[in-house]
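return atomic coordinates for the entry below.
(2 chains)
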Amino acid sequence: MSLRAKALKYAYDGLHWVVQDVTAEIRPGELLGIIGPNGSGKSTLLRLVAGLLTPASGSVFLDDTPIRSIPPARLARRIAFLPQLVQPAFAFTCEEVVAQGRYPYLRALGFLSRMDVEVVRNSMALTDTLEFTERSFDELSGGERQRVLIASILAQEADHLLLDEPTAALDIHHQARVFEHLWEFSRRAMAVAVVVHDLNLAAQFCDRLLLMSAGRIVAEGGAREVLRVEHLAPVYGGNVAVGENTLTGGPLVTVLTEGTRAGDSG
Amino acid sequence: MTLLTRRRYFLTLLAFAGFALAAVIVAPHFGAERINTWGALKAWIRDRDASRLSEEVNILIDLRFPRVALAFLAGAALGLAGAVFQALLRNPLAEPYTLGVASGGSLGAVLVLFLPGLALRWGCLSTVQVGSFAGASAVVLIIYFMARSRAGISSIALLLAGVTTGFICGAGILLVRYIARPDLLVEMDHWLMGGLDVTGWNPVWSTLPLLIPGAAILLAQARHYDQIAYGEELAAGRGVAVRRLQHISFFGGSLLTASVVATTGPIGFVGLLVPHAIRRLIGPDHRLLLPCTFFGAGAFLVICDTFARSISLQLPVGILTTLLGGPFFLYLLIRSRGRWGKGTMA
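Down below sits the predicted model:
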């Protein structure tokens, strides 16, 4: 029950390595945060692990089987992937959106069995979206949509969830709510990996962090070990300060600009 | 809509098929001349010897029936192709006419028909169909590569490209018309603005060799288009063979478009109006949307053409559908407010 990336290398144009020599593992029962500046290869790594991109060298193993040798529909029952900012082209109801997560299990015309419907209901219950069942997905707010989409990948019943910036463009309340759900899933023995920009959100919820820079993993471990000035300063370029979050006891990362430093000394 | 059950699936399908059947049965009663349809039919069944048949029977059997049949097939094919193009390009404004595919197919047909030595015929399959398919496919390939380009093209830009391609193909047809023999001029007009004025059953049979495989290919993929509606990445993550689906869908869409425009020319906006209306009625689930669009769009064009025939004997139905669909296209475009602006195929 594990998903391992071994010595992955990838370049979109065959010239510039976006991911190089990355070896990592996504473990059941753990919420893994992938952090790093823009263009550091986080999303590409997630796509490689999901099997959506084929690495130039190296392999991804699911329970010691290379994922390239697993048929797509079977793989989709083990690994569920949610891209950034998904927007369906047509006005599906929320229930339809979640039910479409059952795709890898359905045959022929894809009518849902009683068991499939049960899974859809459960997935919606777990993300507090049952109240939207009959509503059109288009009518929901950004945060509500994101929870419905998370329900739809839950309905895939995969034991590995990979999410690319699920909290992008959400307010802080909905950001926290999405992460709470993801944390709960990891407690249900799922392996959850999430690309996240907000370092403090990552510190608050993730069990383990991977810090990426220029396609490589430069630090790995708990929030306290990874979110240190000596790791962050070279990666994010300069004025990063790490203090303590007095509410959670975890690290608190702040970027210092000219203004804030002047305020400090004054 | 609640989730699709077997019961709702078959009942809805039955309703649309019944509606289409009713339209096809009723339509031949109407037309420029008053005809005692039942009397003429009875006479035809009693005595099929053509030399002794009345003019009424000839109008019914050789003009109205084939025209209604062709209207149904053309509507069904263009509607189904439209619904599939909309799903693939994730854009509700896409259809064979706005994407220029219908015009490409028409140009192909016109080139084969009017350039010397190209028009060959074996039974109901002819090089006209082949030329039409080549033209439609060429436009589809242009659209496909533009949509796939890594720089990313907005779907509004894609439509602009489609409409422009349509203009270019229209100009190509005008060019052929300009150099063609004068006695062919009138005949060529319905490749500029689609029409269904046919005589006899051969034009109807000639659509089938491309139409049947095209429709079968697309209807068989119905369940996968719901996934594509979320974008390629989510679909691929769910196990959809995205590239393969795109290839066979564009192939099927070209077949369908070519099958009818080779005979009728481009009939605009059927593939836009009908899928949109049916989505409003039964929801966007493609498993139901595609077959219902097939029946619904067929019936829609039969009804439009019945109006066109009743107003004036030779009014090309494409004028009517464009007058209805064009403003609707603009309405959707204005209402979208750039919603589809950044949505590429990726």
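
got the residues of the stretch 51-200 of chain A near chain B?
Counting by CB under 8 Å from any CB of the partner chain, the stretch 51-200 of chain A comes close to chain B at A:52, A:71-76, A:79-83, A:86-93, A:95-96, A:99-101, A:103-104, A:106, A:108-112, A:117, A:120, A:134, A:156. For glycine as for every other residue, the C-beta is placed from the backbone atoms N, C-alpha and C.

and residue 36, what does it touch?
Unless you meant another one, I'm taking chain A. A:42, A:210-213, A:235 (CB atoms under 8 Å, 6 or more residues apart in numbering or on different chains).

nope, chain B please
With the criterion set at CB under 8 Å, 6+ apart, B:Asn36 makes contact with B:Glu56.

give me the element the residue nearest the centre of chain B is part of.
Per CA atoms, centre = their mean, the C-alpha nearest to the average position across chain B is that of B:Leu78, at 1.8 Å. Element membership of B:Leu78, judged by DSSP states H and E, is helix B:65-88.

quick one: list the elements packing against that helix.
Contacts defined by 3 or more CB pairs under 8 Å, 6 or more residues apart in numbering or on different chains; DSSP states H and E place helix B:65-88 against helix B:6-26, helix B:101-114, helix B:202-220, helix B:222-228, helix B:242-264, helix B:270-282, helix B:286-311.

out of those helices, deepest packed?
helix B:101-114 (a mean of 29; mean count of other CB atoms under 10 Å in any protein chain shown).

ok, back up a step: sort out for me which of the contacts of A:Gly36 are in helices.
Of the contacts of A:Gly36, the ones assigned to helices by DSSP state H are A:42, A:235.

ok, which of the contacts of A:Gly36 also contact chain B?
Of the contacts of A:Gly36, not one also sits near chain B (CB under 8 Å from any CB).

please tabulate the contacts of A:Gly36 in CSV, including the columns pLDDT.
Output for the contacts of A:Gly36, formatted as CSV (pLDDT from 0 to 100):
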residue, pLDDT
A:Lys42, 94
A:Leu210, 95
A:Leu211, 95
A:Met212, 95
A:Ser213, 93
A:Val235, 90
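
from the contacts of A:Gly36, pick the one nearest chain B.
A:Lys42 (14.9 Å; CB to the nearest CB).

verify the contact between the closest one and A:Val195 for me.
Yes: counting by CB atoms under 8 Å, A:Lys42 touches A:Val195, with 4.6 Å between them.

overlap in contacts, those two.
Common neighbours of A:Lys42 and A:Val195 (CB under 8 Å, 6+ apart) are A:34-35.

what sits closest to residue 223 if chain neighbours are left out?
No chain specified, so I'll use chain A. Once flanking residues are discounted, A:Ala223 sits nearest to A:Ala203: 4.0 Å by CB to CB, 6 or more residues apart in numbering or on different chains.

think we crossed wires, I meant chain B
Leaving out its chain neighbours, the residue that sits closest to B:Arg223 by CB to CB, 6+ apart is A:Gly110, at 4.6 Å.

part of a helix, is the one you found?
No: applying DSSP: H, G, I helix; E, B strand; the rest coil, one finds A:Gly110 to be coil, outside a helix.

these two touch, right, it and B:Arg287?
Yes: using CB under 8 Å, A:Gly110 is in contact with B:Arg287, at 6.5 Å.

what residues do these two have in common as contacts?
Joint contacts of A:Gly110 and B:Arg287 (CB under 8 Å, 6+ apart) are B:Arg223.

where in chain A is pLDDT low?
A:1, A:258-266 (pLDDT under 70).

centroid residue for it?
Geometric centre of chain A, nearest residue: A:Val194, 2.1 Å, by CA atoms, centre = their mean.

in its sheet, what does the helix or strand it falls within sit against?
Following DSSP H and E, one finds A:Val194 within strand A:191-195. Partners of strand A:191-195 in the sheet, by DSSP bridges, are strand A:30-35 (parallel), strand A:160-164 (parallel).

using JSON lines, please lay out those together with mean neighbour count.
Shown next, in JSON lines, are the strands paired with strand A:191-195 (neighbours: other CB atoms under 10 Å in any protein chain shown):
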{"stretch": "strand A:30-35", "mean neighbour count": "25"}
{"stretch": "strand A:160-164", "mean neighbour count": "24"}
